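> generate coordinates for the sequence data below:
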Amino acid sequence: MTVKTPAKLRILVNPDDSRKLVLPNGIPETMEQLTDEVRKVCGGFRMQYQDRDVGDALVNLTSTADLEDLTTIKVIPMPDDGVQEYIFTVVEEAVSAQSDDTDILSTPSSSGSTRTRIWLK
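You can find the predicted model right below:
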């Protein structure tokens, strides 16, 4: 039986909020296991890490194989699971003398406004 070495990760939630995550059994083998551990501390999110291959720039974390002890992870909070954000365009219909059986289609030159709404699932 292999004994795993404990690992510590620095979690950046925002510029004024960083946290230390101690993993007594070392870095988890899967993203799902790591996500569960970080979610206990931070809620819903996505993760980035500092990648040495690109000058320590932050990149999205897709595999725990990219992590080692004392790695810094940035957590980007996501909306609650019950809320989803949709962006849609509303085209204001002009009053016209067209018949009821005519479909009015918008064109790139149509005047419309983009509105953002949060919808419950």
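> which stretches of this protein form strands?
Along the chain, the segments classed as strands by DSSP state E run 7-14, 17-23, 45-51, 57-60, 72-77, 83-91, 112-120.
> between the second one and strand 72-77, how big is the angle?
Note on geometry: by axes from the mean of the first three to the mean of the last three Cα atoms, to 10 degrees, strand 17-23 and strand 72-77 are set 120 degrees apart in direction.
> can you list the strands that strand 17-23 pairs with?
For strand 17-23, the pairing partners within the sheet under DSSP bridges are strand 7-14 (antiparallel).
> check the third one too.
For strand 45-51, the paired strands and their directions (DSSP bridges) are strand 57-60 (antiparallel), strand 72-77 (antiparallel).
> how about those strands in JSON lines, adding distance to P28?
Every residue, glycine included, has its C-beta placed from N, CA and C. As requested, these are exported to JSON lines (distance: least, Cβ to Cβ, whole Å):
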{"stretch": "strand 57-60", "distance to P28": "17"}
{"stretch": "strand 72-77", "distance to P28": "12"}
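> just say which of those strands is most tucked in.
Sort the strands paired with strand 45-51 by mean neighbour count, taking mean count of other Cβ atoms under 10 Å, and strand 72-77 sits at the top with a mean of 18.
> how about K8: what's its closest non-neighbour residue?
Nearest non-adjacent residue to K8, counting by Cβ to Cβ, 6 or more residues apart in numbering: V22, 5.5 Å away.
> do the same with L58
L58's closest residue in space is Q48 (Cβ to Cβ, 6+ apart), at 4.2 Å.
> hey, least reliable of the strands of the chain by pLDDT?
With a mean of 48, strand 83-91 has the lowest mean pLDDT of the strands of the chain.
> coming back round to it: which one of the strands paired with strand 45-51 lies nearest to T5?
Closest approach to T5 among the strands paired with strand 45-51 (Cβ to Cβ): strand 72-77, 17.9 Å.
> measure T62 to L34 for me?
11 Å (Cβ to Cβ, to the nearest Å).
> scratch that, G26
For G26, the distance to L34 equals 11 Å [Cβ to Cβ].
> thanks a lot, see you next time.
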